[in-house]
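In: from the sequence below, what's the structure:
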Amino acid sequence: MTGTEQFPWSDATWLNPPPSAEPEGGDLVVSTACESDFWRRTSYGFVRDSGHALLAPLPVGNAVEVTFQADLTTLYDQAGVMVRVDERTWVKAGVEATDGTPHLGAVVTHDTSDWSLAPVPEWAGKPVMVRVSRSGDALTIRARAGEGPWRMIRLAHMRPDAIATAGPFCCSPQREGLRVRFTRFAFGPADTGLHETP
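Out: Here you go, the predicted model:
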């Protein structure tokens, strides 16, 4: 994307390092641990903070982009972008396997998690790019498959003074060994407006 620059995988820091994270060319191929997940309380009643996220600073006025490809076959297999302040304040957005179909969605957590999603069966097997822009007190989250159009996922609150990090994440709450190929991890200027695509 215009104005963004690839961020070196090795310059970011793992939250919960995965069993395997191997460079292949310019890509990073990650395999997940058993029952890895991010969630806090709502409906399910449990707290999980064991998913894998590769994070670097995301100050106000900046955006993060992650592109990935994965065979999401088991319930709750997921990959995308995480923006994190701490274990009680974070957002994850991307594609997740639910009811046998890939879904585009986001979980926004301010002590308790919520979840919004929409089916995208036509995205199965395609590379997916997720972009999160941080501007003022908001995160604007968009995604697209391949060279398709951008879709708005979520507008979420984040305090302007919060110190946040962001980057690719993946989880497999029902199994181990989800394999995700991350092909892009980039930072650049935040989007100039809510209704303007990158």
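In: low-confidence stretches in this protein?
Out: Within the chain, the stretches with pLDDT under 70 are 1-2.
In: so which strand or helix has the spatially most central residue of it?
Out: Per Cα atoms, centre = their mean, the C-alpha nearest to the average position across the chain is that of V81, at 1.6 Å. Assessed by DSSP states H and E, V81 sits inside strand 78-86.
In: quick one: the residue nearest to the centre of the chain from S113, how far?
Out: The gap separating V81 from S113 is 16 Å, by Cβ to Cβ, to the nearest Å. C-beta: built from backbone N, CA, C; applies to glycine.
In: about what we covered before: mind listing what's buried in whichever helix or strand comes after the strand holding V81?
Out: Using DSSP H and E, the helix or strand that follows strand 78-86 in sequence is strand 89-98. Residues of strand 89-98 classed as buried by neighbour count (16 or more other Cβ atoms under 10 Å): 89-98.
In: centre of the chain versus stretch 143-156, how much separation?
Out: Its chain's C-alpha centre lies 12 Å from the corresponding centre of stretch 143-156 when counted by Cα atoms, centre = their mean, to the nearest Å.
In: could you number the chain from 134 rather than 1 from now on?
Out: That works, and once the first residue is 134, the last one we named lands at stretch 276-289.
In: what about the spatially most distant residue from the centre of the chain, which SS state?
Out: Distance from the C-alpha centroid of the chain, by Cα atoms, centre = their mean, peaks at G178 (22.6 Å). Secondary structure assignment for G178 (DSSP: H, G, I helix; E, B strand; the rest coil): coil.
In: please list all residues in contact with it.
Out: G178 makes no contacts at all, as judged by Cβ atoms under 8 Å, 6 or more residues apart in numbering.
In: over to the one 3 residues further on?
Out: Contacts here follow Cβ under 8 Å, 6+ apart; on that basis R181 touches 170-173, 306.
In: and the residues you listed, which two are the farthest apart?
Out: Greatest spacing in the contacts of R181, by Cβ to Cβ: R173 and P306 (13.6 Å).
In: a markdown table for the contacts of R181, including distance to M291 and neighbour count?
Out: Below are the contacts of R181 laid out as a markdown table (distance: Cβ to Cβ, whole Å; neighbours: other Cβ atoms under 10 Å):
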| residue | distance to M291 | neighbour count |
| --- | --- | --- |
| D170 | 22 | 19 |
| F171 | 16 | 26 |
| W172 | 19 | 23 |
| R173 | 16 | 20 |
| P306 | 25 | 22 |
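In: just the ones of the residues you listed in strands?
Out: Secondary structure assignment by DSSP state E places 171-173 of the contacts of R181 in strands.
In: any idea which of those is closest to E280?
Out: For the ones in strands among the contacts of R181, the closest approach to E280 (Cβ to Cβ) belongs to F171, at 29.4 Å.
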